[in-house]
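Novice: Sequence isn't available, so here's the structure alone:
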Ligand code: IMO
Ligand code: MG
């Protein structure tokens with residue numbers, strides 16, 4: 001029987017802690033693949049007392065013997081890749097041995113970054129709050145069939161095609177009256193293209209499907225489901241499919257190959273950039289969450305907007321992604337709160353609902369359920385039995401509301417600060433295997 005492609009996705013607005021969890025899970029998967037997004041991601045890993053941030057490289061890179069794939073759905077900036085590789089090399093890891101890059105991934109040109117800045121400047125107050133890494137303009141070129149792909153760098157007419165696309169961008173920049181030097185980073189980019197030629201450039205769809213014939217793989221999402229191009233709060237979203245469908249298109253695999261979907265969420269919400277955020281806090285509670293949770297961008301350093309956990313939005317993304325296992329991050333950051341709130345429904349224009357409305361301009365008033373805080377330092381706890389009862393009640397409530405078990409609770413940034421309540425194989429075999437289910441029902445009847 002063939003192996004499965006399990007998936008890790010952020011269920012909120014990004015920055016849920018995907019890097020840490022992929023790093024923890026990567027010990028069980030011989031391969032990790034990024035399927036969408038680009039250097040707008042900033043995945044933080046902490047181990048052996050050190051911190052690392054990866055942006056395009058999968059978070060599995062630090063695990064011994066791992067294979068790491070940058071899939072077709074990713075947009076790749078060769079300059080950023082080279083910088084990231086230099087950091088990885090400091091750990092005595094040779095990225096050229098462990099990293100395989102899809103020929104079908106689209107390239108981010110220096111002028112894509114400039115266009116990102118130009119569009120944001122032109123949008124004024126309506127700006128998206130983009131990371132300005134060129135993500136939107138690169139996906140725009142991909143969809144409008146003007147893009148350059150990684151495999152193109154091997155073509156004899158690559159330079160010509162580059163010049164053609166650059167000329168197009170210069171015209172657009174001029175139309176937007178954006179003052180810049182479009183050739184500023186060109187020499188650096190071209191030398192990074194030479195660096196890129198030293199990697200294994202692959203036909204991702206063949207590579208991944210062949211791999212899955214006898215070995216499992218983990219797909220690592222970037223951003224979060226609420227930033228999905230179709231299902232997020234459009235237009236305040238990123239430009240890729242961050243939800244589970246993006247795994248199939250981004251890696252070239254069929255939905256039947258997907259196994260577990262690990263959905264990651266923080267015990268509160270954060271958002272960087274613009275757009276609706278119903279539970280956002282503008283008071284000292286929001287500030288306290290920001291400080292305790294160190295909620296400042298891993299890539300941009302921007303302070304993140306903070307608010308209470310939004311279960312309406314979370315239930316929506318659990319549904320879209322078909323989440324089988326929930327992973328809760330950073331509940332230790334709420335250790336010192338008298339009362340903890342979670343939003344369990346919205347009042348949209350005065351009418352209560354448990355659904356995310358289409359209209360992002362709708363006035364949403366969050367309706368909260370309150371829990372007494374546990375007022376105890378959770379960071380050192382490694383066993384579920386040692387968790388305070390208030391905390392247990394809180395997670396039970398969430399599991400009931402969301403209808404999916406919380407398999408892993410993370411209580412700090414380090415690899416070790418993790419409680420695994422049950423391994424995914426265990427609870428799926430219980431939930432999914434028919435004989436087990438029948439046994440359980442019979443026992444319950446007795
Ligand atoms: P990770 O993978 C949080 C946000 C930006 C902006 C919007 C569009 O670290 O969770 P873009 O540069 O993609 O055009 O910006 O999406 N955004 C993220 N927010 N975490 C991320 O990645 C993000 N990547 C993009 O702030 O609002
Ligand atoms: Mg991040």
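Specialist: Perfect, thanks for sending it. The structure displayed is predicted, hence computed values, not measured ones. Ligands and ions are numbered 1, 2, ... in the order given.

Novice: ok and the residue in the stretch 301-446 of the chain nearest ligand 2?
Specialist: At 9.3 Å from ligand 2, residue 304 is the closest residue in the stretch 301-446 of the chain, using CB to the ion. Heads up, the C-betas are built off the backbone N, CA and C, glycines and all.

Novice: repeat for the stretch 151-300 of the chain
Specialist: Residue nearest to ligand 2 within the stretch 151-300 of the chain: residue 298 (4.6 Å; CB to the ion).

Novice: ok, now which ones touch that residue?
Specialist: 15, 42-44, 53 (CB atoms under 8 Å, 6 or more residues apart in numbering).

Novice: can you list those residues in JSON lines and add distance to ligand 1 and secondary structure?
Specialist: Putting those into JSON lines (distance: CB to the nearest ligand atom, whole Å; DSSP: H, G, I helix; E, B strand; the rest coil) gives the following:
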{"residue": "15", "distance to ligand 1": "4", "secondary structure": "coil"}
{"residue": "42", "distance to ligand 1": "4", "secondary structure": "coil"}
{"residue": "43", "distance to ligand 1": "6", "secondary structure": "strand"}
{"residue": "44", "distance to ligand 1": "8", "secondary structure": "strand"}
{"residue": "53", "distance to ligand 1": "9", "secondary structure": "strand"}
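
Novice: Spell out which parts of the stretch 101-250 of the chain neighbour ligand 2.
Specialist: Remark: no part of the stretch 101-250 of the chain is in contact with ligand 2, using CB under 5 Å from the ion.

Novice: Now the buried members of the contacts of residue 298.
Specialist: In these, burial by neighbour count holds for 15, 42-44, counting by 16 or more other CB atoms under 10 Å.

Novice: Format those as JSON lines; extra columns: pLDDT.
Specialist: As requested, the buried ones among the contacts of residue 298 are exported to JSON lines (pLDDT from 0 to 100):
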{"residue": "15", "pLDDT": "94"}
{"residue": "42", "pLDDT": "91"}
{"residue": "43", "pLDDT": "90"}
{"residue": "44", "pLDDT": "88"}
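
Novice: if we take these, which one ends up nearest to residue 318?
Specialist: The shortest separation between residue 318 and any of these is 18.2 Å, and it belongs to residue 15 (by CB to CB).

Novice: Tell me how far that closest one lies from ligand 2.
Specialist: Here residue 15 is placed at a distance of 4 Å from ligand 2 (CB to the ion, to the nearest Å).

Novice: For that residue, which non-adjacent residue is spatially closest?
Specialist: Spatially, and ignoring its direct neighbours in sequence, residue 15 is nearest to residue 270 (5.8 Å; CB to CB, 6 or more residues apart in numbering).

Novice: Count residues in the vicinity of the one you found, would you?
Specialist: Neighbour count of residue 270, defined by other CB atoms under 10 Å: 26.

Novice: repeat for residue 358
Specialist: The burial metric for residue 358, expressed as a neighbour count using other CB under 10 Å, is 7.

Novice: For it, grab phi and psi.
Specialist: Dihedral pair for residue 358: phi -60, psi -40, per degrees, to the nearest 10.

Novice: and the residue of the stretch 301-446 of the chain closest to ligand 2, how many residues sit next to it?
Specialist: Neighbours of residue 304 under the rule other CB under 10 Å: 20.

Novice: Ok, residue 145 next?
Specialist: Using other CB under 10 Å, residue 145 has 6 neighbouring residues.

Novice: got it, and residue 191?
Specialist: The local packing of residue 191 (other CB under 10 Å) involves 13 other residues.

Novice: Just the buried positions in stretch 158-175, please.
Specialist: Using 16+ other CB under 10 Å as the test for burial, stretch 158-175 gives 162, 165-166, 169-170, 172-173.

Novice: do the same with stretch 395-411
Specialist: In stretch 395-411, residues buried by neighbour count (16+ other CB under 10 Å) are 395, 398, 401-402, 404-411.

Novice: out of those, what pair is the most spread apart?
Specialist: So, the buried residues of stretch 395-411 by CB to CB: farthest apart are 401 and 411, at 21.3 Å.

Novice: could you pull out the helices for the stretch 251-400 of the chain?
Specialist: In order along the chain, the stretch 251-400 of the chain carries the following helices (DSSP state H, counting those that start in this stretch): 284-292, 311-321, 389-402.

Novice: what mean pLDDT would you report for the first one?
Specialist: Confidence over helix 284-292, taken as the mean pLDDT, stands at 97.

Novice: Buried residues of it, list them for me.
Specialist: Within helix 284-292, the residues that qualify as buried by neighbour count (16+ other CB under 10 Å) are 285-286, 288-290, 292.

Novice: contact partners of it?
Specialist: Taking CB under 8 Å, 6+ apart as the criterion, the residues outside helix 284-292 that touch it are 268, 280-281, 295-296, 303-307, 333-334, 336-337.

Novice: Any chance of a PyMOL selection covering the buried ones in those residues?
Specialist: The following PyMOL selection, which keeps only the buried ones among the contacts of helix 284-292, applies the criterion 16+ other CB under 10 Å:
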select buried, resi 268+280+281+295+304+305+306+307+333+334+337
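
Novice: Ligand 1: which of the contacts of helix 284-292 is nearest?
Specialist: When the contacts of helix 284-292 are ranked by distance to ligand 1 (CB to the nearest ligand atom), residue 304 comes first, at 7.9 Å.

Novice: Okay then, goodbye and thanks.
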